[in-house]
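A.B. asks: starting from these lines, generate the structure:
(3 chains)
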Amino acid sequence: MKEITLRVFRYRPEAEAEPTFQEYAVPLRDDWAVLDALNYVKEEIDPTLSYRWSCRMGICGSCGMTVNGDPKLSCGTFLVDHAPGPITVEPLRNFPVIRDLVIEMTDFMQKLGAVQPWIIRDESDDDPDTELLQTPSEMDDYKRYSMCINCMLCYSACPVYGLDSKFIGPAAIALAQRYNLDSRDEGQEERLDVLSEDEGVWGCTFVGECTRACPKGVDPAGAIQRAKLIAANEAVKAFLLPRWVR
Amino acid sequence: MTTDFWQRLHRQRVPLLWWTSRRTYLLFVVRELTSVAVVWFVVYLLLLVRSVGAGPGDYERFLDWSAQPWMVVLNALALALAIVHTITWFMVTPQAMVLKVRGRRVPGVALAGALYVAWFAVSAVILLLVLA
Amino acid sequence: MSRERTSAEPFLWLLFSAGGVLTALAVPMILFLFGIAFPLGWLDPPSNAEIYTLLRNPLARLAVIVLCGLGMMHAAHRLRHTIRDGLQLQRHGTAIAAVCYGTAAFLTAVAVVLVSVI
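C.D. replies: Got it, this is the predicted structure:
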């Protein structure tokens, strides 16, 4: 069995102040992803290695890491595509590292919540026994943005977020758009408060790397530019029209 | 954000020249720097306008100055950057704007095509206005 | 929807976008004519009388002012962000913005002055 070397970022704050790299030789199996290799390391070589994973099939969003410099899901990055190696595995960039490949994601979770990611509507006229109907065309308006698995690869790819962690970030804005464009939702104005801050949509300089990194084809960059147009229109209206007209 | 781990979090530093580390970042910075050509264009246009307002002698001197080799090289470089600006602008516009006509989404290619047609039309109008 | 103060960012972005479209459409041909074609003799430049007549037209004057103004706003917005992010000068963000937009405002004023003396 041929082998391939994994060069893995190690950070053990209780033992050392600075991170190091550790190399492991793993079998180069045709069907193995980086995640399989990491599981092999943990089971057979070094049980102290820490990393997040869950579904191993690209839907839970847990296993985001930096593989050979690129933000990737470790369950979707295959060893044979990076042979003969070595493959460098580091934690997701732009996030503080807790330990080894595990990053601190509280900031991301807080930002997702800040855009109120749920259907906002006045339900007083809704019949509680009838569903809200939606045509396939109406669903197409937002469907792409609903594909986000919260894997944070886009935050890792975004240089603006790397330089200024106050930036609300691609996934949060795409998620806001998922609801803004949903025909059942009436909450666009409420979400605008958060999106129209300087660290909201206006932080984005349309690098577009978030869309390139996204494993689910969400196109957060497109969502952000569309949100900028909406926010700009609202700002112009707010400026020109007195409050009682709006 | 504070958590139980804040004292021992390792913060990865962003390198100063982060935009040299990836091809796509570098292309992004080049795209943004095409705006330098726009600044030069404004300066050049204002010098032209100034020379027209100042009289025939000044206008002729402007034309002669613009014919010097280093000026032509400079303007050729600016023209190249301006064209890069136009092309990259037309590349990102369909991603940034979703147009719906009668309930159906306009394909990005159609929007980009319309922009190129507009570019041709505006260029033709400028050409005719200046040469006529 | 309440906000304590109106942010300038949406308006700066709108000016940037408008400037981007205008410059994308108009700059190449103008630069080609006055920067390459006329100097190299590929085409005959307009005589002083012809271009003077063209620029006396109020629409042409407006076009020059708008092109310079929005073009400068476009460049100022882009360069402000590129300098701030490319050289990691976030702590000087306000100063960089002031220099960029200030230069844009200045050159727009120059455009207005130069156009009106024709």
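
A.B. asks: tell me the domain ranges of chain B?
C.D. replies: According to automatic domain parsing, chain B comprises the domains B:17-82, B:97-132.

A.B. asks: ugh, wrong one, I meant chain A
C.D. replies: As given by automatic domain parsing, the domain ranges for chain A are A:3-103, A:106-240.

A.B. asks: circling back to that earlier point, and the domains of chain B, which one is worst for confidence?
C.D. replies: With a mean of 93, domain B:97-132 has the lowest mean pLDDT of those.

A.B. asks: how far is that one from where the chain is centred?
C.D. replies: Offset of domain B:97-132 from its chain centre (CA atoms, centre = their mean, to the nearest Å): 17 Å.

A.B. asks: distance of B:Y44 relative to B:T86?
C.D. replies: To B:T86, B:Y44 is 17 Å away according to CB to CB, to the nearest Å. C-beta coordinates here come from the backbone N, C-alpha and C atoms, glycine included.

A.B. asks: so where's the longest helix in chain A?
C.D. replies: Using DSSP state H, we find that the single longest helix of chain A is helix A:220-240.

A.B. asks: what helices and strands are in contact with it?
C.D. replies: Contacts defined by 3 or more CB pairs under 8 Å, 6 or more residues apart in numbering or on different chains; DSSP states H and E place helix A:220-240 against helix A:170-180, helix A:188-195, helix A:209-213, helix B:69-96, helix C:9-31.

A.B. asks: show me the helices in chain A, by range?
C.D. replies: With helices called from DSSP H, chain A shows them at A:34-40, A:106-114, A:136-143, A:153-157, A:159-163, A:170-180, A:188-195, A:209-213, A:220-240.

A.B. asks: would you mind measuring from A:C148 to A:C63?
C.D. replies: Distance from A:C148 to A:C63, by CB to CB: 15 Å.

A.B. asks: what do you get for C:H81?
C.D. replies: On the measure of CB to CB, C:H81 and A:C63 end up 33 Å apart.

A.B. asks: swap in C:G20?
C.D. replies: Plainly put, C:G20 is 39 Å away from A:C63 if you go by CB to CB.

A.B. asks: now do A:E123
C.D. replies: Separation of A:E123 from A:C63 (CB to CB): 38 Å.

A.B. asks: neighbour count: those two, which is higher?
C.D. replies: It is A:C63, of A:E123 and A:C63, that has more neighbours when counted by other CB atoms under 10 Å in any protein chain shown, with 25 against 11.

A.B. asks: these two touch, right, the more buried one and A:D36?
C.D. replies: No: checked against CB atoms under 8 Å, the pair A:C63 and A:D36 is beyond contact range at 11.0 Å.

A.B. asks: name the residues contacting each of the two.
C.D. replies: A:R56 (CB atoms under 8 Å, 6 or more residues apart in numbering or on different chains).

A.B. asks: where in the chain is pLDDT low?
C.D. replies: Answering for chain A, as no chain was given. For chain A, the stretches flagged by pLDDT under 70 are A:242, A:244-246.

A.B. asks: switch to chain C, that's the one I care about
C.D. replies: C:1-5.

A.B. asks: show the contacting residues for the residue of chain C found nearest chain B.
C.D. replies: In chain C, the residue that lies nearest chain B is C:G35 (2.9 Å; CB to the nearest CB). Residues near C:G35 by CB under 8 Å, 6+ apart: B:44, B:66, B:71-72, B:74-76, B:78-79.

A.B. asks: dump these into TSV; add distance to chain A and neighbour count as well.
C.D. replies: Listed next are the contacts of C:G35 as TSV, based on distance: CB to the nearest CB, whole Å; neighbours: other CB atoms under 10 Å in any protein chain shown:
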residue	distance to chain A	neighbour count
B:Y44	27	20
B:S66	34	22
B:M71	32	15
B:V72	33	15
B:L74	27	15
B:N75	28	22
B:A76	28	15
B:A78	23	23
B:L79	24	20
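
A.B. asks: middle-most residue in chain B, spatially?
C.D. replies: Among the residues of chain B, the one closest to the centroid is B:H85, at 3.0 Å (CA atoms, centre = their mean).

A.B. asks: residue boundaries of the helices in chain C?
C.D. replies: Taking DSSP H as the criterion, chain C contains helices spanning C:9-31, C:48-56, C:58-86, C:93-116.
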